[in-house]
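Enquirer: Structural data only, the sequence is not supplied:
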């Protein structure tokens, strides 16, 4: 280092500061999403609330719950109603009726309120599990099952009892592996937001102060942050695929929808950052071109 010219030393130091600023900017990007959505009850609920009106999600919930109903009551007693249902003695019509009744419950207006209240409880459970080995994020659907039980009884089919409703009342919103992967990030960023933001700003300012050519430093920072944010998004998408690799098809639909709803704000935030980064870089390059052209023009005569 002693044999280097001052400009070379500054360039090396500036490059290191640019790299640090980019890493911190990507960290700030993830931390901002975590603080706004994953770790914030209102953000979490607002992100997932629209899923109660998603036909694909409610259809998957009804299908999954119907399968659990059949599995729960599929015993060996030939006189048991649900054993006969599972054996096909009553035909597929009863299973379709159970599924249709559950689907009506999931698509009712009352379910919207129950879904939102369930999300608030689910988020509280999730926050309690941070830093622990807790698994899955579940949602209670007791009200839906109780209403379905009343509707089926009105048609002469007594499927549920209180014990069955209690056993079936929780559905999985986020799979175990999804939660474990998300928890690694959230455990790391929880409470560190202000520090990360301040460090990112300090590293950016320092890079611009030290850099011999500030326009090039701005271009490197802008494009580096844009590329880092895109890479982070790709890693999140890949993580989701690996987390759901072994999930049942009906459970996978709900888990994918929940994950996409939670990471949707992250994707939107990333798009703004990438567009802003490209525009800033383009502006810096254009300013450099204009400055060089002006420097190359002969000075006007003054006599």
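Expert: That came through fine. Since the model is a prediction, treat every value here as computed from it, not as a measurement.

Enquirer: going forward, measure contacts and count neighbours with C-alpha atoms only.
Expert: Will do.

Enquirer: what helices or strands is the helix or strand in which residue 8 is found leaning on?
Expert: Using DSSP states H and E, residue 8 sits in helix 6-33. Other helices and strands packing on helix 6-33, by 3 or more C-alpha pairs under 8 Å, 6 or more residues apart in numbering; DSSP states H and E, are helix 193-210, helix 214-243, helix 249-296.

Enquirer: For residue 126, which of those helices is the nearest?
Expert: Counting by C-alpha to C-alpha, residue 126 lies closest to helix 249-296 out of the helices and strands packed on helix 6-33; the figure is 13.6 Å.

Enquirer: Quick one: distance of the closest one to the chain centre.
Expert: Relative to its parent chain, helix 249-296 has a centroid offset of 17 Å by C-alpha atoms, centre = their mean, to the nearest Å.

Enquirer: quick check: angle from that helix to helix 6-33?
Expert: Interaxial angle, helix 249-296 versus helix 6-33 (axes from the mean of the first three to the mean of the last three C-alpha atoms, to 10 degrees): 150 degrees.

Enquirer: what packs against helix 249-296?
Expert: So helix 249-296, by 3+ C-alpha pairs under 8 Å, 6+ apart, packs with helix 6-33, helix 41-48, helix 55-73, strand 170-174, helix 214-243.

Enquirer: what about 7 Å?
Expert: In terms of contacts (3 or more C-alpha pairs under 7 Å, 6 or more residues apart in numbering; DSSP states H and E), helix 249-296 is packed against helix 41-48, helix 55-73, strand 170-174, helix 214-243.

Enquirer: Please report the number of neighbouring residues for the residue nearest to residue 34 when sequence neighbours are not counted.
Expert: Of all residues not flanking residue 34 in the chain, residue 186 sits nearest, at 6.7 Å (C-alpha to C-alpha, 6 or more residues apart in numbering). For residue 186, the tally of surrounding residues (other C-alpha atoms under 10 Å) stands at 20.

Enquirer: what would the helices and strands packed on helix 249-296 look like in TSV with distance to residue 202 and mean neighbour count?
Expert: Output for the helices and strands packed on helix 249-296, formatted as TSV (distance: least, C-alpha to C-alpha, whole Å; neighbours: other C-alpha atoms under 10 Å):
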stretch	distance to residue 202	mean neighbour count
helix 41-48	28	19
helix 55-73	44	19
strand 170-174	37	20
helix 214-243	13	18
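
Enquirer: Turn these into JSON lines, including distance to residue 148 and mean pLDDT.
Expert: Formatted as JSON lines, those follow (distance: least, C-alpha to C-alpha, whole Å; pLDDT from 0 to 100):
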{"stretch": "helix 41-48", "distance to residue 148": "24", "mean pLDDT": "91"}
{"stretch": "helix 55-73", "distance to residue 148": "11", "mean pLDDT": "81"}
{"stretch": "strand 170-174", "distance to residue 148": "15", "mean pLDDT": "77"}
{"stretch": "helix 214-243", "distance to residue 148": "32", "mean pLDDT": "88"}
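
Enquirer: so can I have JSON lines of these showing distance to residue 198?
Expert: JSON lines is the format used below for the helices and strands packed on helix 249-296 (distance: least, C-alpha to C-alpha, whole Å):
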{"stretch": "helix 41-48", "distance to residue 198": "23"}
{"stretch": "helix 55-73", "distance to residue 198": "40"}
{"stretch": "strand 170-174", "distance to residue 198": "33"}
{"stretch": "helix 214-243", "distance to residue 198": "16"}
